[in-house]
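Undergrad: kindly generate the corresponding structure for this input.
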Amino acid sequence: MADSRRLTADRFFGGTDRLTILKQFLGYLGGENRSMSDAVEWLIKNTRASSPKTIKRHLSFLETIDVIENTGGTLLPGRTGRQFLETDEPRVLFDTLHENVAGFETILDALQSAPLDDEALMAVLNERGPHDMKSPGVARRHREWLAVLGYVKADDGVVRLTDAGVALCNDLQRASGQDRTSTTTDRSSTPPGESTSVSELFNQAKQATPTTTGTSTVERQQYSRRDAVREFALADADGVCQGCGSDAPFLDKDGEPYLEVHHLYRRADGGADDPENVLAICPNCHRRVHYGQNGQAYNAELREIAEERNAKL
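TA: Here you go, the predicted model:
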């Protein structure tokens, strides 16, 4: 029988505090007559979110998985949202993700055998399920949700099960009649509800080994500095151009907001491939810097934006 679940998941807001923010948001929706505009305003005020369009897309996903519901224009906690408010259990959210989105159980099963990076997780999803990805955006969002819930931890781009993740795998296997005890030893002890924040991604990018050429060892590195810097920049922007403040102009083939990583000091001029030296901006702003009449002045503005961001990290 064909798998009728959707293939992709959308993020929520809040970095390492996502579960806390989600619970607070659901509590807010439990008030009287909260409209979509009210919800958008609350998220802009209480998180790094700034784009109403992006917020509405993420709220639509929460509605799809029954975390919230829209009743005649009033937003309320959905069945799963009410259960999460009552229990404060990450498993409640995992169960609704598992029920509505294909691939979470596939990733967990694969990680019992060995730690994997996002590229390998993409390959596993393509091989074992209905996915047909050309880049790991979908796998990355699955991994982010599992990290938010405390079931996996990513270190230097390599994803491992936590103790809570191993316990979840065993529960799922017992429920399916497999009852296999995991023998995974390379895992992290991460409490449920913790994930990789923008600050942590910044630190990982600072510490990552620079990408060089000429040896097979370097060519086979799973997580180069370039990869780390790119992941930090895109996570920090969260789908919104850090230049003009507009939403990413379109979604790429994996459903990710399309932004381009811009080096404020060009690498050709000696600028570093460093998280402090990048912003994620839309193609229009990127072309403005390189080809616009006031490109240098605009790049100076972007450097000021980055300096303010860097001071907070």
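Undergrad: extract the C-alpha trace of stretch 255-262 and format it as PDB.
TA: Below are the C-alpha coordinates for stretch 255-262, written out as PDB (Å, rounded to 0.1, in the frame of the first residue of the first chain):
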ATOM      1  CA  GLY A 255      11.000  23.200  -0.400                       C
ATOM      2  CA  GLU A 256      13.700  25.400   1.300                       C
ATOM      3  CA  PRO A 257      13.600  29.200   1.000                       C
ATOM      4  CA  TYR A 258      16.100  30.100  -1.600                       C
ATOM      5  CA  LEU A 259      18.800  32.600  -0.400                       C
ATOM      6  CA  GLU A 260      22.400  33.000  -1.400                       C
ATOM      7  CA  VAL A 261      25.300  33.100   1.100                       C
ATOM      8  CA  HIS A 262      27.200  36.400   0.600                       C
END
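Undergrad: buried sites along that stretch?
TA: Neighbour-count burial for stretch 255-262, with 16 or more other CB atoms under 10 Å as criterion, is recorded at 256-262. Glycine gets a C-beta too; all of them are placed from N, C-alpha and C.
Undergrad: again, but for stretch 21-40
TA: By neighbour count on 16+ other CB under 10 Å, the buried set for stretch 21-40 is 21-23, 25-26, 28-29, 34, 39-40.
Undergrad: follow-up on the earlier one: just the ones in strands from the buried residues of stretch 255-262, please.
TA: Counted as lying in strands by DSSP state E, out of these, are 260-262.
Undergrad: all helices for the stretch 51-200 of the chain, in order.
TA: 52-64, 79-87, 90-100, 104-111, 118-128, 137-148, 163-175, 198-207 (DSSP state H, counting those that start in this stretch).
Undergrad: can you give me the offset of the third one from its chain's centre?
TA: Using CA atoms, centre = their mean, to the nearest Å, we find the averaged C-alpha position of helix 90-100 to lie 17 Å away from the chain's own average C-alpha position.
Undergrad: run through the neighbouring helices and strands of that helix.
TA: helix 79-87, helix 104-111, helix 137-148, helix 163-175 (3 or more CB pairs under 8 Å, 6 or more residues apart in numbering; DSSP states H and E).
Undergrad: can you tell me what sits against the shortest one?
TA: By CB atoms under 8 Å, 6 or more residues apart in numbering, the surrounding residues in contact with helix 104-111 are 94, 97-98, 116, 120-121, 124-125, 128-129, 139, 142-143, 145-146, 151-152, 159-161, 165, 168-169, 172, 184.
Undergrad: out of the residues you listed, which are buried?
TA: With burial judged by 16+ other CB under 10 Å, the buried subset of the contacts of helix 104-111 is 94, 97-98, 116, 120-121, 124-125, 129, 139, 142-143, 145-146, 151-152, 159-161, 165, 168-169, 172.
Undergrad: show me how this protein divides into domains.
TA: Domain assignment for the chain by automatic domain parsing gives 15-87, 205-312.
Undergrad: may I see these organised as TSV, with mean pLDDT and distance to Val198 added?
TA: Shown next, in TSV, are the domains of the chain (pLDDT from 0 to 100; distance: least, CB to CB, whole Å):
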stretch	mean pLDDT	distance to Val198
domain 15-87	91	6
domain 205-312	81	5
